[in-house]
Structures are given as structure tokens and as C-alpha cells.
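K.L.:
Let's see this in three dimensions:
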Amino acid sequence: MIRRLRAVWRLARVVVHGLHGLAIVLLRFPSLGTAERQARVQWWSRKMLRLMGIGLETVGTPRPGGTLVVANHVSWLDIAAIHAARPQVRFVSKADVKSWPLVSRLVDAAGTLYVERERRRDAMRVMHTIAEALAQGDAVGVFPEGTTGDGHALLPFHANLLQAAIAAGAPVQPVALRYRDATQAVSPAAAYIGDTSLAQSMWWIACAEGLVVRVQWLPAEGSRHADRRALSALLREQIAQALGEEPLHGEN
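P.N.:
Numbering: from 1, shown residues only. Predicted coordinates:
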């Protein structure tokens with residue numbers, strides 16, 4: 001009973017925090033410079049994790065400048081976890097997020113790039129947009145698994161968007177994400193898979209005991225003249241090793 005009451009309290013505070021973030025985006029962002037906006041993104045992300053009862057453990061150092069950040073994907077909280085360490089990262093997201101009420105305004109404020117995955121031409125457009133952003137010194141984040149996993153094993157990586165880093169000659173930095181709790185090294189509470197709704201996921205996370213997200217920044221790899229499939233395999237292997245997993249075979 002105490003755990004359920006605590007979860008309700010956490011979620012109520014998260015709703016208020018979300019509305020506060022929206023107010024900042026609508027009222028303050030138009031008059032703020034890039035660095036000031038990023039500082040607020042970092043503050044908002046760290047507080048979101050804290051209000052959900054999630055500890056943050058950061059290992060390694062994010063590379064500054066134009067870098068393609070490549071991470072495994074477990075939860076809708078992954079972006080907040082990475083932004084808590086490096087708020088400059090602009091993520092690539094599916095286009096239908098733009099239709100989500102209120103949330104889309106928060107996502108837009110973080111400089112998100114949108115892709116319509118069903119349209120091959122749009123994927124090419126986004127690849128060129130990413131390459132331009134990297135060439136201009138921006139950091140761009142992608143989840144090459146294409147969907148969330150359960151945190152126990154990596155899914156196959158899709159290599160397509162890595163071509164943007166190769167075209168721009170930008171380094172690629174792998175990031176290993178893992179959620180643990182008070183009793184399990186890989187917490188089932190964080191998994192956002194299958195038919196799980198956002199509301200269900202938020203409830204499970206809010207109910208979790210001692211949930212911690214570990215964000216491990218691995219050494220960056222050069223991409224100039226690289227083969228995207230070979231680069232994808234290398235990045236997946238490095239993330240798998242950091243998570244203590246055996247890498248799968250077969251990129252596409």
C-alpha cells in the first residue's frame with residue numbers, strides 16, 4: 001500500500017513537472033540562447049529522473065562537438081537519461097510524435113529531428129539533415145535497434161543512419177544504457193516493449209524500488225571512409241561488451 005501511494009505521489013509530481021517544462025518552452029525559450037536552452041533541458045531531464053525515483057549513474061565522458069551518439073534502446077526515459085549528461089544531443093524520432101498533445105512541444109524544444117520510417121525518401125532526407133547538423137558541430141542521437149528491447153539482449157542494429165556520420169566525417173560515440181533496481185541487475189520495470197502503454201510503463205517505473213539508470217559513454221570511433229555495416233557491427237559489439245552481453249549477428 002505504501003509503495004502504491006508513493007507511486008501516485010511520484011506521478012503527480014511528474015505531471016506538474018511536465019507542465020512546468022511546457023511553460024518554460026512556451027514562455028522562456030523564445031528569449032533564450034542555445035546554451036541557456038540546453039541548460040534547462042539538462043535541468044528538466046535530471047529532475048524528471050529524480051521525480052520518478054530513478055538514480056543516475058554516468059560513466060565515461062561525452063565527446064564535445066559534432067558527434068553521432070549511438071545508444072541501445074530500453075525505455076522512453078532513455079532520452080532524458082542521455083540529456084541529463086549531454087543536453088546538446090538532438091535525437092531522431094518517429095514523425096507521429098509530432099501529433100502527441102503537449103509532449104510534441106517539449107520534444108521540439110530539444111531540437112528533435114523527425115523521420116517517417118515508412119517512407120524511404122524521408123529516411124534519405126533525414127540522413128542528409130543529420131549529416132548537415134553533424135558538419136555544423138551538433139551532436140545527434142540515434143537508436144539503431146529501431147525499437148525498444150527488454151534490456152537483457154541487444155536487438156540487431158540498422159546501419160542506415162550511420163551513413164550520415166560517414167558522409168560528414170563525424171565521430172560516432174556508442175552509449176550503453178542499463179536500468180537496475182534494488183533486487184535485479186536488469187530491471188523489468190524499465191522495459192517498454194510489446195503492447196505496454198506509456199501509462200503502464202510510468203506506473204511500473206514509479207512503483208520500482210531503487211531504480212538506477214547507468215549511462216556509459218564509450219570511446220568515440222572515427223567514421224571517415226568507413227563501411228556503415230562494419231561500423232554498425234563494431235558499435236553493437238562495443239555496447240554489448242559494456243553491458244556484459246554476447247552481441248547478436250546480422251546487421252541490415
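K.L.:
Find the residue at the geometric middle of the chain.
P.N.:
Centroid-nearest residue in the chain, with CA atoms, centre = their mean: Ile79, separated by 3.0 Å.
K.L.:
What sits closest to it if chain neighbours are left out?
P.N.:
Leaving aside its sequence neighbours, Ile79 sits nearest to Phe91 (CB to CB, 6 or more residues apart in numbering; 5.6 Å). Just so you know, the C-beta spots here come from the backbone N, C-alpha and C atoms, and that holds for glycine as well.
K.L.:
For the one you found, give the beta-bridge partners.
P.N.:
Gly141 (DSSP bridges).
K.L.:
what's the pLDDT at Gln238?
P.N.:
On the pLDDT scale, Gln238 is placed at 96.
K.L.:
Let me know the helix or strand that it is in.
P.N.:
Secondary structure from DSSP states H and E places Gln238 in helix 228-243.
K.L.:
which residues make contact with that helix from outside it?
P.N.:
If you take CB atoms under 8 Å, 6 or more residues apart in numbering as the criterion, helix 228-243 is touched by 70-72, 144, 154, 156-160, 162-163, 166, 172, 174-176, 178, 216, 218, 221, 223, 246-248, 251.
K.L.:
Compute the number of surrounding residues for His73.
P.N.:
By the criterion of other CB atoms under 10 Å, His73 has 21 neighbours.
K.L.:
And for the closest residue to it other than its chain neighbours, the neighbour number?
P.N.:
Nearest residue to His73 in three dimensions, chain neighbours excluded: Phe143, at 3.8 Å (CB to CB, 6+ apart). Close neighbours of Phe143, defined as other CB under 10 Å, add up to 25.
K.L.:
so who does Phe143 touch?
P.N.:
70-73, 78.
K.L.:
for stretch 200-216, the distance to its chain's centre please.
P.N.:
Centroid separation for stretch 200-216 versus its chain: 15 Å, with CA atoms, centre = their mean, to the nearest Å.
K.L.:
mind saving the C-alpha coords of stretch 128-139 as PDB?
P.N.:
Extracted C-alpha coordinates of stretch 128-139, given in PDB (Å, rounded to 0.1, in the frame of the first residue of the first chain):
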ATOM      1  CA  HIS A 128      21.100  14.500 -45.200                       C
ATOM      2  CA  THR A 129      19.700  16.600 -42.400                       C
ATOM      3  CA  ILE A 130      21.700  14.700 -39.800                       C
ATOM      4  CA  ALA A 131      24.900  15.000 -41.900                       C
ATOM      5  CA  GLU A 132      24.400  18.800 -42.100                       C
ATOM      6  CA  ALA A 133      23.800  19.000 -38.400                       C
ATOM      7  CA  LEU A 134      27.000  17.000 -37.600                       C
ATOM      8  CA  ALA A 135      29.000  19.100 -40.000                       C
ATOM      9  CA  GLN A 136      27.800  22.200 -38.200                       C
ATOM     10  CA  GLY A 137      29.100  20.800 -34.900                       C
ATOM     11  CA  ASP A 138      25.800  19.500 -33.500                       C
ATOM     12  CA  ALA A 139      25.500  16.200 -31.600                       C
END
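K.L.:
Thanks again, I'm all set now.
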